[in-house]
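Student: okay, here's the prediction I keep looking at, along with the sequence it came from:
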Number of protein chains: 2
Amino acid sequence: MTTGAPTLPPDLQTPCLVVDGDVLDSNLVAMASAARDLGVGLRPHAKTHKCVEIARRQLALGAVGLTVATVGEGEVFAEAGVTDLFIAYPLWAAGRRGSRLRALADRVALRVGTDSSDGVEVLSRALAGTEAEVVVEVDSGHHRTGVAPALAAEVGLTATRSGLRVAGVFTFPGHGYDPEQRERAAGDEAYALQVADAELRHAGIGTGLRSGGSTPTAALLDPRVLNEMRPGVYAFNDAQQVELGVAGWECVALTAAATVVSGSGRTVVLDAGGKVLGADRPPWATGYGRLLDHPQARVIALSEHHATVAFPEHGSPPPLGSVVRVVPNHVCAAVNLADLLVVTSNGAVVDQWPVAARGRNA
Amino acid sequence: MTTGAPTLPPDLQTPCLVVDGDVLDSNLVAMASAARDLGVGLRPHAKTHKCVEIARRQLALGAVGLTVATVGEGEVFAEAGVTDLFIAYPLWAAGRRGSRLRALADRVALRVGTDSSDGVEVLSRALAGTEAEVVVEVDSGHHRTGVAPALAAEVGLTATRSGLRVAGVFTFPGHGYDPEQRERAAGDEAYALQVADAELRHAGIGTGLRSGGSTPTAALLDPRVLNEMRPGVYAFNDAQQVELGVAGWECVALTAAATVVSGSGRTVVLDAGGKVLGADRPPWATGYGRLLDHPQARVIALSEHHATVAFPEHGSPPPLGSVVRVVPNHVCAAVNLADLLVVTSNGAVVDQWPVAARGRNA
C-alpha cells in the first residue's frame, strides 16, 4: 500500500470515478492558504472538476472567483449562483456564442480572454454596454495561444477603442508540464506578465491584473509580479502531478475504481480504459496512469475499455475480480468523461456529485 | 478541398460533432453488402456510434445483431428494442453487474465473452437458467485479453460444466491498427479462430461461432474461417482509418466543427481540443487528427480546449473566426465525449441524434 488511505467501498459498479472527500478538502485548504500567504488572489480553474459542490467550497475558502474555459461552463456555474467568472480563453464571440456571452455578462462579473485585435472587435460587439472586461492573453513560452508580451498593448488598445474595459494580462505557463521545465516555466511566466503589464501601463490602459499559474508552477510563482493564480488540477491531483514531483500520493483525491477482468503472468487487464481514464500521455509519463496501491505497476497499454497493467517481478498481481484504484494521468480529461463522482469519506460513500459542466465545450 | 463534400451548415455552436448522413449511409450499405457477399454475419460494434438511430439502420440492412462492450451499452440498446446482443468483453459478472446481466439475458438473445475459468464460473452463477451463451475470447496477437487458441477448450469445458452454453470463439485482431501489420493481423485472426474452433470441436462443445473482425481487417478477413465479423469504426471512419489506408477521405462521415480562435504565422489554434476529439494518438499517426478540407495540415499539439494546427508553406491558413472540419484520430473516443450528433444531408442540418449510450462504461 502506498498510503494509509481508506480502501474502496464495496459493490461499486466499476469503472467509476471515486473522490476521497477528505483528501480533496485538504488539497483545497492547502492551496487557499498558500494563496493567502502569498497575497495572491486564487481563481481556481473549474474545468478540472466541473462540479458545483467543489466550486462552492473553493469560494467559501476565499477564492476571488472561478476560471472557466468555455461559455457553457460559465453558464453552468452562473446558474449555480457563482457571481464572478473569468473565461480564460480567446473566445470568438460571433453569432449565438456572442448572444450567450452577453447574457452571461448581464448576470455575473465577467472577464474574457483575447489574443487578437480581430477577436477583441468581435467581443466588443457582443459585450457593448455591459460591465464585462477583457484580459489580454500573452504567450509565456507554451506557444499555444497568446500574443508576445511586447504586443499586449496593441490588443489592449483595440479593446479600449472598441469600448471595452481592459483588466490586465494573463498567461498559462503550460510548458511547466515537464519535469525539466517547471522552474523555467514559472520564471518565464513572471517575466512575460511583467513585460506585458508594463506595455499596458505605458499605453495607459488596464487595471493591473497579472494572472497566471497552473498546478505545476503554483508553488514557484513570483508574488512580486502575479496578483492572481488559476490552478485547477490541485483539487484532485493525478499521475502527471505525482510524476512531475508536484504532489505526493497522499494528495491524490480522485481515482477510477476498476475491476481486474483478465490476467496472464505478471500482466492484468482492468475494465477502465480510455473512455474512463482519458488517453492523455505526455512523452515523459511512465504509462497511461498509475495504481494508487501498487506504485511499481505501470499501465503499459490502454484501449477504450481495457487498461493493461504490468507488475514488477516481486509481489503478486491482484487476482481476477479484485477492485483497484487507478490514478488517471490527467484528471481533467477523466472527469469530463463521467456523469457522476462517487464521494467517500473514511472509505464509505457519503455523496454523489453530478459533473454538472461535463461536455459543455461550446 | 479534399472532396466534393458539402460544407458545414451556418451558425453551428463549435465545437460540435457533425455527421454527414449521406456518407454514413453509404458506409453502412457498403459493409452490409461486403458481409453479404462474403457470406459472413455482420454484427457491428455499437461502441463506435452509441446511437439508437444508427443501430436500427444497421439492423435494417441485415446485421445479425449488435456487439457492445459493456452491460450498460447493452441495456441502452435493449431498451431501444434491439433483440440480439453480444457483449464482446470478458465481463466479471459479480454483484450488481451480475444481476444486471441476468436481467439483460431475460430480455434479449445474449452472448457474453469470457477468457478465464474463474470468470466463466462467476458468469454461470449470474446466468443460470437463462438462454444466454458464452463465447470464448482468444488472443490472436493483440495480446490484450483472450486465452491462447490452444487453451480455448479449457475455458469452454468449465462453461459447459457450470451449465452454460458455448456459442464458439471470438477474437479482436487489434494489432491490425498498424500500417505494417494489417495483413498479418488478418492472417493471425483466421489462424487463431481456426485453432480455437478445432479445440472446441475436439472437446465436443460449442455451436461453431467463429467471430472476428475490426474495420482495418474487414476487407482482408478469411471467409473460409470466420462466420461473423464485428467492425465498428466503418460507420464513420476517422483519421486513423485514412492513415492506415483503410478508408478514403470520401468515406469520413463524422467531423468536429471547430472555429479558428487564434493564429500566428502558419499555425492556427482551433476550439476543439482533447475534450472533443479525444487524445488518442498511435505512434504511426501524423498528428492528433486531420482537417478534412486541408489534407496537408497537421494537428501538432492538443490540449483540453485547443488544437494547434500547422499549415504547409503554400496556401493560406484559414482566417480567425472561420469554421473547419476536424477528423478525429479515433472516432469512438470522440463520440463518447458528445451528448448529441448534428446530422446533415447535403450541407443542411436534418436531425440531431442523442449519443444514447455515451458514458455507459459499467
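Tutor: Structure's in. What do you need?

Student: so who does A:A338 touch?
Tutor: Going by C-beta atoms under 8 Å, 6 or more residues apart in numbering or on different chains, A:A338 touches A:16-17, A:276, A:355, A:358, B:359. Using the backbone N, CA and C atoms, a C-beta is placed for each residue, glycine as well.

Student: now the residue nearest the centre of chain A: how far from A:T48?
Tutor: Residue closest to the average C-alpha location in chain A (C-alpha atoms, centre = their mean): A:G232, at 3.2 Å. With distances taken as C-beta to C-beta, to the nearest Å, A:G232 is found 4 Å from A:T48.

Student: for those two, list the residues in contact with both.
Tutor: Both A:G232 and A:T48 are in contact with A:C332, where contact means C-beta under 8 Å, 6+ apart.

Student: returning to what we had before: which non-adjacent residue is nearest the residue nearest to the centre of chain A?
Tutor: A:H45 (3.1 Å; C-beta to C-beta, 6 or more residues apart in numbering or on different chains).

Student: what do you get for A:S162?
Tutor: Leaving out its chain neighbours, the residue that sits closest to A:S162 by C-beta to C-beta, 6+ apart is A:S124, at 3.4 Å.

Student: wait, a strand at that neighbour?
Tutor: No: going by DSSP: H, G, I helix; E, B strand; the rest coil, the assignment for A:S124 is helix, not a strand.

Student: and A:R97, how far is that from chain B?
Tutor: Distance of A:R97 to chain B, given as C-beta to the nearest C-beta, to the nearest Å: 7 Å.

Student: following the helix or strand where that residue lies, which helix or strand comes up?
Tutor: Following DSSP states H and E, one finds A:R97 within helix A:95-105. Per DSSP H and E, the first helix or strand lying C-terminal to helix A:95-105 is strand A:109-114.

Student: and the angle for that following strand with helix A:95-105?
Tutor: 140 degrees (axes from the mean of the first three to the mean of the last three C-alpha atoms, to 10 degrees).

Student: strand partners (parallel or antiparallel) of strand A:109-114?
Tutor: Note on strand A:109-114: by DSSP bridges, its sheet partners are strand A:84-90 (parallel), strand A:133-137 (parallel).

Student: and for A:H142, nearest residue in space, chain neighbours not counted?
Tutor: What sits nearest to A:H142 in space, not counting adjacent residues and going by C-beta to C-beta, 6+ apart, is A:G174, at 3.6 Å.

Student: which residues does the one you found contact?
Tutor: By C-beta under 8 Å, 6+ apart, the residues touching A:G174 are A:142, A:144, A:185, A:214, B:303.

Student: A:R96 too?
Tutor: Taking C-beta under 8 Å, 6+ apart, we find A:R96 in contact with B:11, B:13.

Student: was I right to think A:P328 contacts A:A307?
Tutor: No: look at A:P328 against A:A307 with C-beta atoms under 8 Å: they stay out of range, at 10.2 Å.

Student: for the biggest helix by length in chain A, output the C-alpha coordinates as CSV.
Tutor: Longest helix of chain A, by residue count under DSSP state H: helix A:182-202. What follows is helix A:182-202, C-alpha atoms only, in CSV (Å, rounded to 0.1, in the frame of the first residue of the first chain):
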residue,chain,number,x,y,z
ARG,A,182,8.9,23.6,-14.2
GLU,A,183,11.2,26.2,-12.7
ARG,A,184,11.9,27.8,-16.0
ALA,A,185,8.2,28.0,-16.8
ALA,A,186,7.5,29.8,-13.6
GLY,A,187,10.3,32.3,-14.4
ASP,A,188,9.0,32.7,-17.9
GLU,A,189,5.5,33.3,-16.6
ALA,A,190,6.6,36.1,-14.3
TYR,A,191,8.8,37.7,-17.0
ALA,A,192,6.0,37.6,-19.6
LEU,A,193,3.4,39.1,-17.3
GLN,A,194,5.8,41.8,-16.1
VAL,A,195,6.7,42.9,-19.7
ALA,A,196,3.0,42.8,-20.8
ASP,A,197,1.9,44.7,-17.8
ALA,A,198,4.5,47.4,-18.4
GLU,A,199,3.3,47.7,-22.0
LEU,A,200,-0.3,48.2,-20.9
ARG,A,201,0.7,50.8,-18.3
HIS,A,202,2.8,52.6,-20.8
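
Student: where does chain A have low pLDDT?
Tutor: Counting by pLDDT under 70, chain A contains low-confidence ranges at A:1-6.

Student: for chain B, what are the nearby residues on the stretch 251-362 of chain A?
Tutor: Within the stretch 251-362 of chain A, the positions adjacent to chain B are A:259-263, A:269, A:271-272, A:274-276, A:278-281, A:301, A:303-306, A:308, A:320-321, A:332-333, A:336-339, A:359, A:361-362 by C-beta under 8 Å from any C-beta of the partner chain.

Student: hmm, try it at 6 Å
Tutor: Within the stretch 251-362 of chain A, the residues that sit near chain B (C-beta under 6 Å from any C-beta of the partner chain) are A:259, A:261-262, A:269, A:275-276, A:279-280, A:304-306, A:320-321, A:332, A:336, A:339, A:359, A:361-362.

Student: can you put the strands paired with strand A:109-114 in CSV and add mean neighbour count?
Tutor: What follows is those, written out as CSV (neighbours: other C-beta atoms under 10 Å in any protein chain shown):
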stretch, mean neighbour count
strand A:84-90, 24
strand A:133-137, 28
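
Student: wait, which of those strands is closest to A:G287?
Tutor: strand A:84-90 (29.9 Å; C-beta to C-beta).

Student: from the contacts of A:A338, which land in helices?
Tutor: Among the contacts of A:A338, the members falling in helices (DSSP H) are A:V276.

Student: looking at neighbours, which among the contacts of A:A338 is most surrounded?
Tutor: Within these, most neighbours by other C-beta atoms under 10 Å in any protein chain shown means A:V276, with 29 neighbours.

Student: what about the residue sitting furthest away from the middle of chain A, distance to A:H175?
Tutor: Distance from the C-alpha centroid of chain A peaks at A:G265, with 37.5 Å (C-alpha atoms, centre = their mean). Noted for A:G265: a distance of 39 Å to A:H175, by C-beta to C-beta.

Student: let me have the strands paired with strand A:109-114 in CSV, adding distance to B:L254 as columns.
Tutor: Shown next, in CSV, are those (distance: least, C-beta to C-beta, whole Å):
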stretch, distance to B:L254
strand A:84-90, 25
strand A:133-137, 31
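
Student: so which of the ones you listed is nearest B:G21?
Tutor: Among these, strand A:84-90 comes nearest to B:G21, with 31.3 Å by C-beta to C-beta.

Student: distance between that closest one and the chain's centre?
Tutor: 13 Å (C-alpha atoms, centre = their mean, to the nearest Å).

Student: mind giving me the packing neighbours of the strand ranked longest in chain A?
Tutor: When chain A is parsed with DSSP state E, its longest strand is strand A:254-264. Applying 3 or more C-beta pairs under 6 Å, 6 or more residues apart in numbering or on different chains; DSSP states H and E, we find strand A:254-264 packed against strand A:16-20, strand A:267-270, strand A:323-327.

Student: could you dump those into TSV and include distance to A:N237?
Tutor: Output for those, formatted as TSV (distance: least, C-beta to C-beta, whole Å):
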stretch	distance to A:N237
strand A:16-20	11
strand A:267-270	20
strand A:323-327	8
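
Student: quick revisit: surely the residue nearest to A:S162 meets A:L164?
Tutor: Yes: A:S124 sits in contact with A:L164 when judged by C-beta atoms under 6 Å, with a separation of 5.0 Å.

Student: list the contacts for A:L110?
Tutor: Residues in contact with A:L110 (C-beta atoms under 6 Å, 6 or more residues apart in numbering or on different chains) are A:85, A:104, A:132.

Student: in what helix or strand does the residue nearest to A:L320 when sequence neighbours are not counted lie?
Tutor: Leaving out its chain neighbours, the residue that sits closest to A:L320 by C-beta to C-beta, 6+ apart is B:D118, at 4.9 Å. According to DSSP H and E, B:D118 maps onto helix B:117-127.

Student: run through the bridge partners of A:V68.
Tutor: Bridge pairing for A:V68 (DSSP bridges) gives the partners A:I87.
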